[in-house]
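Test case, fold it:
(one chain, ligands or ions: 2)
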Amino acid sequence: MDAAGEPHRISEVRITPVAFRDLPLLNTVGVHEPFALRAIVEVVTDSGLTGLGETYGDAGHLERLRAAASVLTGVDVWHVHRIAGLIRDRFAGDRVRGGHGMSGMVTGSSTADRVLSPFEVACLDIQGKAIGRPVSDLLGGAVRDRVDYSAYLFYKWAAHPGADPDPWGAALKPDEIVAQARRMVDEYGFRAIKLKGGVFRPEEEVEAIRALREAFPDHPLRIDPNGAWSVPAAIRVGAELDGVIEYLEDPTTGIDGMARVAREVSMPLATNMCVVAFDQVRPAVAADAVQVILSDHHFWGGLGRSRSLADICHTFGMGLSMHSNSHLGVSLAAMTHLAAATPHLTYACDTHWPWKDPADDVIVPGALAFSDGAVAVPTAPGLGVELDRDALARMHERYLACGIRERDDTGYMRRFEPGFDPTAPRW
Ligand SMILES: O=C([O-])C(=O)C[C@H](O)[C@@H](O)C(=O)[O-]
Ligand SMILES: [Mg+2]
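Residues are numbered from 1 along each chain as shown. Ligands and ions are numbered 1, 2, ... in the order given. Next up, the predicted model:
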């Protein structure tokens, strides 16, 4: 614990890229490769404390993380604004367009915020450890002791080409999507369901949603084609799913397109594509383009800035949900603390967690568990998770061996379908 008033200065930063097995999950830009990449950030202080952060593992991002780490030596982990300022100075004006952990999904998120995120989370982990309090307390205190997540369904192949079928099997037709949902709901207890769409013609995906509605009459449903539909197609789907889904996520691309759809459909529109940075909030509000923002601390600049986003959503009468990408336990811990300490969180959060092999993680098992679709908020100091060094080393070896350095769902898909064209709108 802290001797009152003592600084905890950053003396070392370790950045370790890791790879973990992923399944052939389909989306509108292609298919997941056999391995997903992440980077684990360890911030060490001169007082002997270590904090953890998790972020994207793409090569360009790793380079930027290393550049950021080099300017942080000597800074007190309680001075997160200072850390943010140093990182902002380093990456001023740099925007991420496409790719970068989102695999070609349109995004204009701020590079500085993406880079800041794992350092901020690690600093909060250290602050919590220093004073013996969980990260949720540093964010204003938990307003819930369990965080609800949704079943995140994907169309998928039975196996990666050339490999044995994986335990989830194929999900290409409505009944297979229902079977996937059934298994996920049975195993995790999820009480909301999201379907990743944009893979088949909208009519086929509407059919899958209808099948889900029949099989799960009480579960709120959502569909997210990642901007794959034209404005007329999105409006058509909106009319067909009137009263069936709780929100329609990124049916089309761009603030203008979303605003045109929003004017014609009954359900709220949600996004993690056209509003991914603070300067996009104002035009989106002015156009009434989105009614729900999916926050994601990995690109909104960490937990503190994601809390600010929640207040903005509240102010403008917008809902708030949470986006995810393929992730490990450090991210799940951070997401759970954030969600716990966000009073204005209006939907179950997304997580890719069920798609990960339980044996693949960098944290010591046991700190995070799902029951009834929710994760209990860790109460131990900091994030409440501990790094498993052997697992980290193993997963780093796998990163070195797997040969993947950038997430590339489109490139992987084209190996099997050379003519595959992800250009939006696909329908
Ligand atoms: O809500 C979303 O847009 C996502 O989860 C984006 C992800 O990249 C997802 O499409 C995926 O993992 O294929
Ligand atoms: Mg989305």
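
Where does the stretch 101-250 of the chain get nearest to ligand 2, residue-wise?
D224 (4.2 Å; CB to the ion). Quick note: C-beta positions are derived from backbone N, CA and C, even for glycine.

Can you tell me, leaving aside adjacent residues, what's nearest to the residue nearest in space to the middle of the chain?
The centroid of the chain falls nearest to S324 when counting by CA atoms, centre = their mean (1.8 Å). Excluding the flanking residues, the one nearest S324 by CB to CB, 6 or more residues apart in numbering is D350, at 4.3 Å.

Quick check: that neighbour touching H327?
No. With contact defined as CB atoms under 8 Å, D350 does not reach H327; the gap is 10.3 Å.

what ranges do the strands span in the stretch 251-400 of the chain?
269-271, 292-295, 319-322, 370-371, 374-376 (DSSP state E, counting those that start in this stretch).

wait, which of the ones you listed is closest to R133?
Across these, R133 has its closest neighbour in strand 374-376 (16.7 Å, CB to CB).

Counting neighbours, what do you get for the residue nearest to S324?
25 (other CB atoms under 10 Å).

Over to W427?
Count around W427 with other CB under 10 Å applied: 19.

hmm, back to that, ok, the residue nearest to S324 - contacts?
By CB atoms under 8 Å, 6 or more residues apart in numbering, D350 lies in contact with Y149, S150, Y152, K194, L294, S321, M322, H323, S324.

now swap in E264 and tell me
I235, G238, A239.

Quick check: chain neighbours aside, which residue is closest to the residue in the chain positioned nearest to ligand 1?
Using CB to the nearest ligand atom, the single residue of the chain nearest to ligand 1 is N27, 3.8 Å away. Once flanking residues are discounted, N27 sits nearest to K196: 5.7 Å by CB to CB, 6+ apart.

quick one on the thing from earlier: farthest-separated two in the contacts of D350?
Farthest apart among the contacts of D350 - using CB to CB - are Y149 and L294, which lie 12.9 Å from each other.

Just want to know which of these two has more residues nearby.
Under the criterion of other CB under 10 Å, the comparison of Y149 against L294 puts Y149 first, with 28 against 25.

Settle this for me: the more buried one is touching A348, isn't it.
Yes. Between Y149 and A348 there is a contact under CB under 8 Å: 5.7 Å.

shared neighbours of the two, which are they?
F190, G373.

What is the burial count for V143?
14.

what are the phi and psi values for it?
phi -100, psi 0 (degrees, to the nearest 10).

The closest residue to it other than its chain neighbours: neighbour count?
Excluding the flanking residues, the one nearest V143 by CB to CB, 6+ apart is P343, at 4.9 Å. Residues near P343, counting by other CB under 10 Å, number 13.

Next up, the contacts around the residue nearest to N27.
L25, L26, N27, Y152, L153, F154, Y155, D224, N226 are the contacts of K196 under CB under 8 Å, 6+ apart.
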